[in-house]
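Trainee: turn this into a structure:
(one chain, ligands or ions: 1)
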Amino acid sequence: MTMQQPIPVPPPDDTPAPQAEAAARVTPMMEQYLEIKAAHQGLLLFYRMGDFYELFFEDAEIASRTLGIVLTKRGKHQGADIPMCGVPVERAEDYLHRLISAGHRVAVCEQTEDPAAAKARGNKSVVRRGVVRLVTPGTLTEDTLLDARANNYLLAIARARSSAGGDRFGLAWIDISTAEFTVTEVSGGELAATLARINPNEAIVTDALYSDNELGQTLRELPAVTPLTRDVFDGATAEKRLCDYFAVATMDGLAQLTRLEATAAAAAVTYVDRTQVGKHPPLSPPAREASGATMAIDPATRANLELTRTLAGERRGSLLDAIDCTVTSAGSRLLAQRLAAPLTDAPAIARRLDGVSIFVADSAAREDIRSILRGAPDMSRALARLSVGRGGPRDLAGIRDGIIAADQVLTRLSEVDQPPPEIAAVMAALQRPSRELAAEFASALDEQLPLIKRDGGFVRQGYEPALDEARNLRDASRLVVASMQARYADATSVKGLKIRHNNVLGYFVEVTAQHGDKLMSPPLNATFIHRQTLAGQVRFTTAELGEIEAKIANAGDRALGLELEIFERLCGKALAISDDLRAAAQGFALLDVATSLAKLAVDENYVRPEVDGSLSFAIEAGRHPVVEQALKRNGEPFIANACDLSPVPPPYPPPQAGEGRVGAGQLWLLTGPNMAGKSTFLRQNALIALMAQIGSFVPATRARIGIVDRLFSRVGAADDLARGRSTFMVEMVETAAILNQAGERSLVILDEIGRGTATFDGLSIAWAAIEHLHENNRCRTLFATHYHELTALAAKLPRMFNATVRVKEWQGNVVFLHEVLPGSADRSYGIQVAKLAGLPPAVITRAKSVLSKLEAQDRGQTARALVDDLPLFAVPSRAATEAAPPSDAELLMEAVKALHPDEMSPREALDALYALKAKLPKP
Ligand SMILES: Nc1ncnc2c1ncn2[C@@H]1O[C@H](COP(=O)(O)OP(=O)(O)OP(=O)(O)O)[C@@H](O)[C@H]1O
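Mentor: Predicted structure coming up:
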């Protein structure tokens, strides 16, 4: 989070001492600067001076540090040098980009009158200047400043304090580059997960909220937070401000908002208005998001699962990167949005899946549509730029090409047999934009278009007779200049005589120095009027040249004026149908996502998941989407594994005394050696659930998933020193969140909790956490651990099952098979993995001898003895004795009971015998 300190502004009635008076005198320009700066505290002021934006005082210091540009001085203020630095206007976007990325906000101040006009008012007059725009991270529209594949959200957060406890928050987020506008209301407990999902580039809050201690931590997670005065968040005027923005008498027809949502929405539009200084970017009416409509995923889980970024902050290696086969930036943005907010409504998910299925089945349609979309422009961002006056001729062409592409897509889609509702809706959206508009744009715009409209040259010959006439005149006059040059060369007998043009002299005659005198002497000096002598050349003008110059300038100005008029006219026509154009753009994005997910499903061999209202979680031959792709690149296979956390249908397992609640999902305890693939297995199941609920096919041969409403993960461990938390503290904070919040519909994955502390503390915490998850949270859970002692709990907890990842030992080395099977691991093979990692042989030998001594003391027995004694392991809802760990004899009995000799191969029977023997207490 970045904020700036205001620069020192002199007190208005500062009366300087006589001797200091001269030094303290403020120049008129500095006076103007300070006045503008005072009105834009907290922003860097880009103050236009000729071809540069200059920054002064602390702004200059910040900019020179951030941009690595030279810090100079200009004059004095109150006796001290004024630090200054500048950026050239034509490269301003590049510098803006870097400042915004560093979290700064910038006020762009332009000269609003011609310097000549200022001069006319008097010699000391300063050119009038005004701020034309505030550039802030959340309100960008320029392509160069935006990431094409990500949304750029501005988020307003409004809080309602509740005396009954439990604050509520209204959230409104806008992407002005695409006109999206969404609102929702959440509780304090849901705030962090919702902010992580929206992932805004800038948030606005009241001053009070900004300095609120409780919220400080949550806000600091955001890239930029801007505090604003209370009036922006005034609930009483919210409705009116929204109505003003949308130019309606009442908001009822556009959206039904709660007061808190309206407050946040009004704050957001007020800020947009302020930053665009009078321009009014069109926004879609606020779409209200129902609470619980999306899977809640807290920030830690998002980070741990590496959904859109890896833990190292890269897009490459994230789930999004692995599944993103989109061909347009709008499609890529939509996919990222969906991944951030998986749905919880089974029918809505099924509709998305229908849209994907059709293109899985029809490869020809899929590829044809993808190739049309590949060439289609980003219409929504073109439209947004046009609406705030920052568009260029290529944006108009973007609208034209978008409509043409819509026609091509429609033609191709009409061949698809029985399009499902989602695709039918896309087709309806693509019909909307006016075809006449595309035809008109096609006849108006040239083939090759400049980026900016300023210099003209984008209207097609033949589109407007008046323009053609002005251009002809301009061009004909240029021809006249060419013939004049020939004539002058003849008349003066100076072959090398040239007529040239520059911005200072306009058109002029140029000869080399040796011919200069000739033209300055009679009779030629009657025609040639000397203007300038340079080292090698002498320059002249003539009366005739002056006349022709005026003609060319007039015709050129007229042509340019006409072109700009045409631009505005076309722009107005596009904006008049902006709703239709945005609907079509959204249609493209939807189609891109559907066809790209279909391509992914086909290329990667994914299956359509069955998503329903049950509590099932049954995955057959599941794979990790990211690890599988990485292994594939190296030509290695990924070993698929099943996972079933579905409620166990009675009568299995054998009913427990007093235990009538077998309806909830299972808890799998996964043990296995290091490097066996436990984390991969845990994550892959979470990712499969997530992919299913965004409406994607999944890496498995079959998947049945009962809607997951919250996803929790505690995997990996990292210090959070910035927040002053150790690895273990981070682990416990995240575990606490899970134990406090997970419900029956949640999916929880926990990897090695307790490992960050002393063995017995860790084991105890893990033990108690499993009991709590099983008895109180009753959620579908995957729990990986190296504490093999925990497997004993399976005998007591009816919905807990042990699973292990198989390895083979071969010639003293460990071979990873990555197969997940029922059962438990007998050891961790940590030393073998350490050997693989290249620890010195002496260390390995020593570790082995220490291990065998420790094993002789049997840590498990000690633990169990401790466990028997401790009331800690009693679950509140059950009798303490029920949760007590079983004795060795009980363990053996359980293991024998679990054997089904008739279903075993001789090999499996032999393995089972060895496993039983391993369970015998060590002498
Ligand atoms: N199913 C699989 N098929 C193929 N390779 C796999 C599979 N699962 C894991 N791997 C490979 O094994 C490596 C280690 O996996 P993972 O990190 O999941 O192990 P782990 O059991 O969690 O280890 P540790 O206990 O040391 O954290 C992965 O980087 C991956 O390359």
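Trainee: what about the helices in the stretch 551-700 of the chain?
Mentor: 578-604, 625-633, 678-694 (DSSP state H, counting those that start in this stretch).
Trainee: state the helix or strand in which residue 784 lies.
Mentor: strand 780-785 (DSSP states H and E).
Trainee: after that strand, next one along is what?
Mentor: Trace forward from strand 780-785 with DSSP H and E and the next one is strand 800-810.
Trainee: and that next one, what's buried?
Mentor: 800, 801, 802, 803, 804, 805, 806, 807 (16 or more other C-beta atoms under 10 Å). Heads up, the C-betas are built off the backbone N, CA and C, glycines and all.
Trainee: which one of those is nearest to the ligand?
Mentor: Of all these, the ligand sits closest to residue 805, with 6.2 Å by C-beta to the nearest ligand atom.
Trainee: thinking the closest one is in contact with residue 680, fair?
Mentor: No - counting by C-beta atoms under 8 Å, residue 680 is not a contact partner of residue 805; they are 9.1 Å apart.
Trainee: mind listing the shared neighbours of those two?
Mentor: residue 818 (C-beta atoms under 8 Å, 6 or more residues apart in numbering).
Trainee: and the residue most central in space within the chain, what does it touch?
Mentor: Among the residues of the chain, the one closest to the centroid is residue 150, at 4.5 Å (C-alpha atoms, centre = their mean). With contact taken as C-beta under 8 Å, 6+ apart, residue 150 is in contact with 332, 333, 336.
Trainee: cutoff 10 Å now
Mentor: Residues near residue 150 by C-beta atoms under 10 Å, 6 or more residues apart in numbering: 175, 199, 201, 308, 315, 320, 329, 332, 333, 336, 337.
Trainee: give me the three-state assignment for it.
Mentor: Assigned by DSSP: H, G, I helix; E, B strand; the rest coil, the conformation of residue 150 is coil.
Trainee: which elements pack onto the strand holding residue 784?
Mentor: If you count contacts as 3 or more C-beta pairs under 10 Å, 6 or more residues apart in numbering; DSSP states H and E, strand 780-785 packs onto strand 617-622, strand 641-644, strand 667-671, helix 678-694, strand 710-714, strand 746-751, helix 759-772, strand 800-810.
Trainee: nearest to the ligand, of the ones you listed?
Mentor: helix 678-694 (3.3 Å).
Trainee: tell me if the closest one is near the ligand.
Mentor: Yes - contact of helix 678-694 with the ligand (C-beta under 6 Å from any ligand atom) involves 678, 679, 680.
Trainee: can you list the residues of the protein near the ligand?
Mentor: Residues of the chain lying near the ligand (C-beta under 6 Å from any ligand atom): 627, 631, 638-639, 641, 672, 674-680, 818.
Trainee: what's the ChimeraX line that selects buried ones from the residues you listed?
Mentor: Per 16+ other C-beta under 10 Å, the buried members of those correspond to this ChimeraX selection:
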select :627,638,639,641,672,674,675,676,677,678,679,680,818
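Trainee: circling back: so can I have JSON lines of the residues of helix 678-694 next to the ligand showing pLDDT?
Mentor: Below are the residues of helix 678-694 next to the ligand laid out as JSON lines (pLDDT from 0 to 100):
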{"residue": "678", "pLDDT": "89"}
{"residue": "679", "pLDDT": "89"}
{"residue": "680", "pLDDT": "92"}
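Trainee: residue 350: which of those is nearest?
Mentor: residue 680 (29.0 Å; C-beta to C-beta).
Trainee: ok, now how distant is the closest one from residue 784?
Mentor: Using C-beta to C-beta, to the nearest Å, residue 680 is found at 10 Å from residue 784.
Trainee: where does the protein have low pLDDT?
Mentor: 1-25, 163-165, 649-663, 716-727, 755-759, 812, 826-829, 854, 857-887, 921-923 (pLDDT under 70).
Trainee: how is it divided into domains?
Mentor: Using automatic domain parsing, the domain ranges for the chain come out as 18-135, 150-291, 324-462+577-603, 465-552, 605-830.
Trainee: skipping adjacent residues, who's closest to the residue of the stretch 251-400 of the chain at minimum distance from the ligand in space?
Mentor: Using C-beta to the nearest ligand atom, the closest approach of the stretch 251-400 of the chain to the ligand is made by residue 317 at 11.8 Å. Nearest residue to residue 317 in three dimensions, chain neighbours excluded: residue 310, at 4.3 Å (C-beta to C-beta, 6 or more residues apart in numbering).
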